Structure formats: structure tokens, C-alpha cells
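Novice: predicted model and sequence below, questions to follow.
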Amino acid sequence: MVEVAGDPGDPGGIEHRLVHGDGLALARSLAQAKETVDLVYVDPPYASDRDYVAESRLDGPADGRVVRTHAYEDTWSSRAGGLGAYLDMLAPRLEALTELLSPKGTIWVHLDWRAAYLVRAILDEILGRDAFLNEIVWRRAPNLGRQATSGQFGRTLDTIVVYGKPGATLEPPTRLEPIDEAAIRWDDEGRPFTSAPRGDYTDASIAKLDAEGRVHRTSSGRVYIKYFLVKDEAGVWCRERRVDALWTDVAPLRHAIASERTGYPTQKPRALLERIIKCATLPGGLVVDAFAGSGTTAVAANALGRRAILADRSAVAIATARARLLRDGARLRIERFDDTPAPPISTDPIRVERVRDEKEIRLVEPREPLAWAVGAMKDEAFHCAWHSERTPGTRPVPAAREAPASKAAHARVWGDDGSVTTVAIPPPARHAPAGAP
């Protein structure tokens, strides 16, 4: 199964790859093609011993209709080998992915308390301890409900371990921190600032800062460092601080706008991936995600002008990511590795017809697909001429039901269960010439 979709009017734009298949097979394929990768982001199963279900809301009310589909398994204790089997799955994929890294490339592995410490040991073995760059802690949820009353400190954190090649450098972003008005001072040039003790700055560094007008000396001769202030969008004076390894300022997905939430389990917020991609790559760089899930990595990469290659074995993940990326205007090439089971074919009837003097094509059934497209089969690939996807949100917007006919010969329908069904569009009727009997 191959599909080419997106804006055909921008042949020079970035085209992302979405692969239905195993991340290990993807890594080996990229190695064979001699691809070098600037950033590998991996959000694998967490060894949580749970099965995960995707929920697609079809209408607005909280008690409205929802399609629930099995997304993926993360059960290991019931299998032979238990946690060892989990590590046997993950370790070769990490090793193959690290071999793709460019001289400045980094790999980010996103886990929680169950396996993060084990993954550090694996990456130490693969890349060496000197390749370790950071252990980032992201507060993914507030300490509420059962977590807060569990008799232990709430498990509200995820861990992202970061390793890199010898030439790898990160550019941590800054964030604005409001300053109490009582702590604001003004220098002789009328610039607002706050100050802090010199700390471990050397005399040479102090001399350099002094030349920049950033040293404040008290009447007793004590040296402080000036930090000039800027106003935020609300007009509040703020100090610009460099982000450290504790990320409490990236809100969990529950606080994202409704249209961002796909209903795919364990989806990560786009803001989190945008921060990672910005600080680890340059525009035009290549980002790889071997456990694609809902496609957040590619969505963030597309918004930032980076190219993304994603893989996932779940047909539900591929269907979700495809719809999401096309809603964002991305150009895609979707393919399936030969050893990956084909996505299911819809059990619902698929029917299209020509309408409006045969100038448009209407999807008659199913009534509520995740997405559908019209196009033509060329060299065993489906080339989209038009596509439409359901938009999630407080009031989900269904996919459009009518498409321009153009020269489309086939229609392809994607279901919330990951099903993909392609049908031929009825040919135009042959009209008798005027005056014929």
C-alpha cells in the first residue's frame, strides 16, 4: 500500500514519510539508503502492562457517540520473559536508530519510572556514558485524584533521556518569568532590571559583563549581575530565563485546544515536540520517530520546516497520523513494509456515486469516515487528487461528503479502526448525442 497525498501544487515543499511497519525495519531501511538523521525521538511502550484504546468522538456532547478501537498492546508481565522481553524488543531498535545519527545528531527516548533507568543503561552501552547529555523531567499531569491519595508521592512525571554524538549541541529555549515590581530596579539609562549575586562567574567573565553594562555594584562594593527585563503579552515585566531540565511549563494534553486531541492514547502535546525539535535541529533537518502514535512528531516538524519520517505497527496509529497531518496541510508519502500485516478492510459498505451532472463525487457510505480521498492508481500507488478528514474538537467537523470529480478513478476510505478500503469510482455515463433516437 502506497499513497501520495497533500498539496500537489507545491512540488518543492517538504514531503514526510509515514510508514506502516516496525521501527527496526525502518531504521535498517534508512541505513541502507545512507540517510543521516539529525534527531531521533522515541516514545515507545512504557512496559505499563496495559492495552490501550483509541477513542474517536463523532459528535459534540460529552455523552455523545464515540468509536473505541484497540490501538496497541503494552503487556509484558504475561509474556515469556516479562520485562526482559520488553528490553529485548527495545534495545535493538535503539541501537539501529543511533547508527543513523549525523555527527551532530541526538536521540531522545521518552519513558516513565518503569523503564527510564534501564534505557539509560542500554544507551550507555550503545553510545558510551560520555554521549549522555540530559535527563529531562516533564510534569505530564497534576497531582490529583487517585495519585494524590495513593500513600506515596504522585507519579506525575515522565523522563526523556537525551544522548548525542560528539558534535551534538543543544540550544535550550528561554521562557519569561514575571518579576515582582518591588524587585525591579532601573539603571542610569532607564532600563529595568533585576539582579542576582555573581555566583561562580570568574573575574574575566565579570569584566566582560561589565563592558556590556550588566554589572551592578552596591555601595559596599558587592558585585551583582544585571538581568534586563522585557514585557510579556500581558504587559508584565519579566526576566528571560533559560529552560533547564525540569519542564513544568509545557501543559499536558488535557489543556490543549480540543482540535489537537485526537483520542489516540498516550498522545503527547505538540508544544512538547516543538520544544525538542527546535532545540535539537535546524530548519530543513531530518527527524525520525520509530513509534509514531498519533503523529505529533511529524505535526511539530511540519510546522517548524523540518522533514519527518515516522513508523508504527498500529494501523490505528497510521490512520490517525495521516488524517492529522493532512488536516495541517502536510505533504505525505504513506507506505507499508512487506512484512507488516495489511490494515483491515472496512466491514461497512463503501459506496460512491457521481452527482451534480457528474461534476462531483459523493461518498454515500460510510456516513462518518475518519477520512477519504479521490484520486488515481499509478504504478501501484494511490495519488490523491482531493482529500478530506474529520476534524476533532468540542464539536467535531465531519469529513466533507462531496469531492470534485476531475479525472479521479478511485476512492480510498480510512476508518477509525485503521481500515483502508479502495474502490473504483463509477465511470461517467455515456450521454446520447442531441437529436439521437
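Specialist: Good, I have the coordinates.
Novice: for the stretch 1-150 of the chain, which spans come out with low pLDDT?
Specialist: 1, 7-12, 80 (pLDDT under 70).
Novice: quick one: the helices in it, in order.
Specialist: With DSSP state H, counting those that start in this stretch as the criterion, the stretch 1-150 of the chain has helices at 23-32, 83-98, 116-127, 145-148.
Novice: so who does residue 337 touch?
Specialist: Residue 337 is in contact with 19, 20, 21, 22, 25, 26, 29, counting by Cβ atoms under 8 Å, 6 or more residues apart in numbering. Glycine gets a C-beta too; all of them are placed from N, C-alpha and C.
Novice: residue 345: which of the helices of the stretch 1-150 of the chain is closest?
Specialist: helix 23-32 (23.1 Å; Cβ to Cβ).
Novice: output that closest one as PDB, restricted to C-alpha atoms.
Specialist: Taking Å, rounded to 0.1, in the frame of the first residue of the first chain, the C-alpha atoms of helix 23-32 are listed here in PDB:
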ATOM      1  CA  GLY A  23      10.700   0.900  13.700                       C
ATOM      2  CA  LEU A  24      13.600  -1.600  13.400                       C
ATOM      3  CA  ALA A  25      12.800  -2.300   9.800                       C
ATOM      4  CA  LEU A  26      12.600   1.500   9.200                       C
ATOM      5  CA  ALA A  27      16.000   2.000  10.800                       C
ATOM      6  CA  ARG A  28      17.500  -0.700   8.600                       C
ATOM      7  CA  SER A  29      15.900   0.700   5.500                       C
ATOM      8  CA  LEU A  30      17.200   4.200   6.200                       C
ATOM      9  CA  ALA A  31      20.700   2.800   6.900                       C
ATOM     10  CA  GLN A  32      20.700   1.100   3.600                       C
END
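Novice: buried stuff in that helix?
Specialist: Residues 23, 24, 25, 26, 27, 30 are the ones in helix 23-32 that count as buried (16 or more other Cβ atoms under 10 Å).
Novice: and stretch 158-166, by the same measure?
Specialist: Here stretch 158-166 shows 158, 159, 160, 161, 162, 163, 164 as buried, counting by 16+ other Cβ under 10 Å.
Novice: so how far is it from its chain's centroid?
Specialist: For stretch 158-166, the distance from its own C-alpha centre to the chain's C-alpha centre is 17 Å (Cα atoms, centre = their mean, to the nearest Å).
Novice: with stretch 381-389 instead?
Specialist: With Cα atoms, centre = their mean, you get 22 Å for stretch 381-389.
Novice: what is the rounded mean pLDDT of that stretch?
Specialist: The predicted model assigns stretch 381-389 a mean pLDDT of 94.
Novice: in it, what's buried?
Specialist: For stretch 381-389, by 16+ other Cβ under 10 Å, it's 382, 383, 384, 385, 386, 387, 388, 389.
Novice: could I have the CA atoms of the helix or strand hosting the first one written out in CSV?
Specialist: Read it as residue 382. Using DSSP states H and E, residue 382 maps to strand 381-389. The C-alpha trace of strand 381-389 is given here as CSV (Å, rounded to 0.1, in the frame of the first residue of the first chain):
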residue,chain,number,x,y,z
ALA,A,381,0.4,3.9,-5.7
PHE,A,382,-2.7,5.9,-4.9
HIS,A,383,-2.2,9.5,-5.8
CYS,A,384,-4.7,11.8,-4.1
ALA,A,385,-6.3,14.5,-6.2
TRP,A,386,-8.6,15.6,-3.3
HIS,A,387,-8.9,14.5,0.3
SER,A,388,-11.0,15.4,3.4
GLU,A,389,-10.6,14.4,7.1
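Novice: hmm, who's touching stretch 341-352?
Specialist: So stretch 341-352 is contacted by 1, 20, 315, 318-319, 336, 361-366, 374, 411, 413, 415, 417-421, 423, 425-426 (Cβ under 8 Å, 6+ apart).
Novice: go through the residues you listed and flag which are in strands.
Specialist: Among the contacts of stretch 341-352, the members falling in strands (DSSP state E) are 20, 336, 361-365, 374, 411, 413, 420-421, 423.
Novice: if any of these are buried, give me the PyMOL selection for them.
Specialist: The following PyMOL line selects those of the ones in strands among the contacts of stretch 341-352 that are buried, judged by 16+ other Cβ under 10 Å:
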select buried, resi 20+336+361+363+374+411+413+420+421
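Novice: nearest to residue 405 among the ones in strands among the contacts of stretch 341-352?
Specialist: Using Cβ to Cβ, these come closest to residue 405 at residue 361, 5.3 Å.
Novice: what bridges to the closest one?
Specialist: For residue 361, the beta-bridge partners are residue 354, residue 403 (DSSP bridges).
Novice: what sits against residue 217?
Specialist: 223, 224.
Novice: please redo it, this time with the cut-off set to 6 Å
Specialist: Counting by Cβ atoms under 6 Å, 6 or more residues apart in numbering, residue 217 makes contact with residue 223.
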